[in-house]
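S.K.: A predicted structure for the sequence below; I have some questions about it.
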Amino acid sequence: MASAELIDGKAVAADLRSATAARVGGLYARHGIRPGLAVVLVGEDPASQVYVRNKHRQTEAAGMRSLEHKLPADTSEAALLDLVAQLNADPEVDGILVQLPLPRQIDAQKVIEAIDPAKDVDGFHPVNAGRLATGQPALVPCTPLGCLMLLDRTLGQNMAGRHAVVIGRSNIVGKPMGQLLLGRDCTVTIAHSRTKDLPEMVRTADIVVAAVGRPEMVRGFWIKPGATVIDVGINRLPPATEGGKDRLVGDVAFDEAKAVAAHITPVPGGVGPMTIACLLSNTLQAACARRGIDMTQL
Ligand SMILES: NC(=O)C1=CN([C@@H]2O[C@H](COP(=O)(O)OP(=O)(O)OC[C@H]3O[C@@H](n4cnc5c(N)ncnc54)[C@H](OP(=O)(O)O)[C@@H]3O)[C@@H](O)[C@H]2O)C=CC1
Ligand SMILES: Nc1nc(=O)c2c([nH]1)NC[C@@H]1CN(c3ccc(C(=O)N[C@@H](CCC(=O)O)C(=O)O)cc3)C=[N+]21
Ligand SMILES: [Mg+2]
């Protein structure tokens, strides 16, 4: 049976991290500046702790400063907004990331809107979302930006006129992904839970981006032969055998889709590592933009 080529997100992410580290070195050598990333974690969600630890390690490995703020689960919205205001005012802080999800008592949208758009390395602030939507320079959400880089590597100039189907319409993945694909001249469909006959819709896609949060929902028979499949989903399933380790699966039934697609991202090792690499690159971008430094000249 035919088998898709794997898109090696882990390797592309390593390349992007080393390119970022080299520029961080240039920024320090020429301007004496070391970018700082503040990561705020409220509560003790185990998955969030893993991400935050990975971000911390990779930020420092790229030569940037990582400033972690861990707050108890019962932190009030006012206290978190106070911390964000402090970080906005702190000249040592170039990027601010407030890990989602937040506990119930905190309105995440309010917190996102409190972040200085110039330091919004997640690209979630309405100013950055609006800039992306209107084609102006912006801080772009890390996950869709990482997906775009993988597509650029895989398809090069062959994206124009292609039908891209994005499954999921969240502000952090689906919607910005749609904008980025429009920017590559794709014809874009954004599907969601009310989409009628999703399998038939996906069948028409040259590019499929699955960002749903439902383990292995996208089946192999949905995929058009030769399509490119980007699986954003991160779903933790209980061990297959007793005493085994948790399994991580995507939103795509990988083995089935692999037999039909031309290119596919694995989970783990696909989009996930690109998200963190793009966070580091966004932090460098924010540090340069705030000071009027051209990042491409570093
Ligand atoms: N690899 C990475 O770096 C990252 C991975 N993720 C993963 O990506 C996935 C999506 O994340 P996120 O966007 O935050 O999720 P959200 O829960 O915010 O959004 C999920 C979207 O999927 C849609 N949806 C749900 N069920 C169906 C269905 N049966 N058919 C069609 N559409 C459906 C929802 O539709 P509706 O709007 O109608 O409710 C919604 O638009 C998750 O698995 C998450 O863990 C997220 C961020 C980063
Ligand atoms: N403000 C905010 N910004 C985010 O970007 C953000 C967030 N909140 N909340 C949670 C989601 C999820 N997310 C991931 C990052 C890396 C991997 C990742 O590195 N995944 C590895 C596997 C890691 C593992 O084994 O668990 C991989 O897919 O290979 C996954 C998911 C960022 N998110
Ligand atoms: Mg979400």
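M.R.: Now that the structure is in, tell me what you want to look at. Ligands and ions are numbered 1, 2, ... in the order given.
S.K.: Count the neighbours of whatever residue of the stretch 1-150 of the chain ends up closest to ligand 2 for me.
M.R.: Relative to ligand 2, the nearest point of the stretch 1-150 of the chain is residue 100 (3.8 Å; C-beta to the nearest ligand atom). To be clear about C-beta, it is placed using only N, CA and C from the backbone, and glycine gets the same treatment. For residue 100, the neighbour count with other C-beta atoms under 10 Å is 14.
S.K.: again, but for the one 3 residues further on
M.R.: Using other C-beta under 10 Å, residue 103 is surrounded by 17 other residues.
S.K.: For it, pull up the helix or strand it's in.
M.R.: Under the criterion DSSP states H and E, no helix or strand holds residue 103.
S.K.: which residues does residue 275 contact?
M.R.: Neighbouring residues of residue 275 by C-beta atoms under 8 Å, 6 or more residues apart in numbering: 142, 143, 146.
S.K.: of the residues you listed, closest to ligand 1?
M.R.: The nearest one, if we look at the contacts of residue 275 relative to ligand 1 and count by C-beta to the nearest ligand atom, is residue 143, at 4.1 Å.
S.K.: Please report how far that closest one lies from residue 70.
M.R.: Per C-beta to C-beta, to the nearest Å, residue 143 is found 23 Å from residue 70.
S.K.: Compare those two and say which is more crowded by neighbours.
M.R.: Using other C-beta under 10 Å as the criterion, residue 143 and residue 70 rank with residue 143 on top: 27 against 14.
S.K.: Confirm for me that residue 55 is in contact with residue 41.
M.R.: No: Residue 55 is beyond contact range of residue 41, at 9.8 Å (criterion: C-beta atoms under 8 Å).
S.K.: is it true that residue 24 touches residue 34?
M.R.: Yes: the pair residue 24 and residue 34 passes the contact test of C-beta under 8 Å, sitting 7.4 Å apart.
S.K.: List the residues that are in contact with both of the two.
M.R.: Both residue 24 and residue 34 are in contact with 63, 64, where contact means C-beta under 8 Å, 6+ apart.
S.K.: More neighbours: which of those two?
M.R.: residue 24 (23 against 15).
S.K.: so does the helix or strand hosting the more buried one get close to ligand 1?
M.R.: Assigned by DSSP H and E, residue 24 falls within helix 9-31. No: applying C-beta under 6 Å from any ligand atom, one finds helix 9-31 separated from ligand 1 by no less than 8.9 Å.
S.K.: Please tell me how far whatever helix or strand comes next after that helix is from the chain's geometric centre.
M.R.: Sequence order places strand 36-42 as the next helix or strand after helix 9-31, per DSSP H and E. Remark: strand 36-42 is offset 16 Å from the chain centroid, using C-alpha atoms, centre = their mean, to the nearest Å.
S.K.: Show me which residues of the stretch 51-200 of the chain sit near ligand 1.
M.R.: Contacts of the stretch 51-200 of the chain with ligand 1, taken as C-beta under 6 Å from any ligand atom, map to 143, 167-170, 172-174, 191-195, 198.
S.K.: Please enumerate the helices of the protein.
M.R.: 9-31, 46-61, 77-89, 108-114, 126-133, 142-155, 174-183, 198-203, 254-258, 271-290 (DSSP state H).
S.K.: got a list of what residue 181 touches?
M.R.: Counted by C-beta under 8 Å, 6+ apart, residue 181 has contacts 148, 151, 159, 164, 166, 188, 207, 209.
S.K.: Which of those residues ranks first by neighbour count?
M.R.: residue 209 (32 neighbours).
S.K.: Roughly how far does the residue of the stretch 1-150 of the chain closest to ligand 2 sit from residue 119?
M.R.: Residue 100 is 16 Å from residue 119, by C-beta to C-beta.
S.K.: Residue 89 too?
M.R.: Distance from residue 89 to residue 119, by C-beta to C-beta: 10 Å.
S.K.: Tell me which of those two has more neighbours.
M.R.: Here residue 89 and residue 119 are compared on neighbour count by other C-beta under 10 Å; more neighbours surround residue 119, at 25 against 9.
S.K.: pLDDT below threshold where in this structure?
M.R.: 1 (pLDDT under 70).
S.K.: domains of it?
M.R.: Here the domain assignment for the chain is 32-117, 142-273, based on automatic domain parsing.
S.K.: interface residues of the stretch 101-250 of the chain facing ligand 2?
M.R.: Counting by C-beta under 6 Å from any ligand atom, the stretch 101-250 of the chain sits next to ligand 2 at 122, 142, 234, 248.
S.K.: Could you check how many residues crowd around the first one?
M.R.: Number of residues near residue 122 (other C-beta under 10 Å) recorded here: 23.
S.K.: what's near enough to touch it?
M.R.: Residue 122 neighbours (C-beta under 8 Å, 6+ apart): 97, 98, 112, 139, 141, 142, 172, 279, 282.
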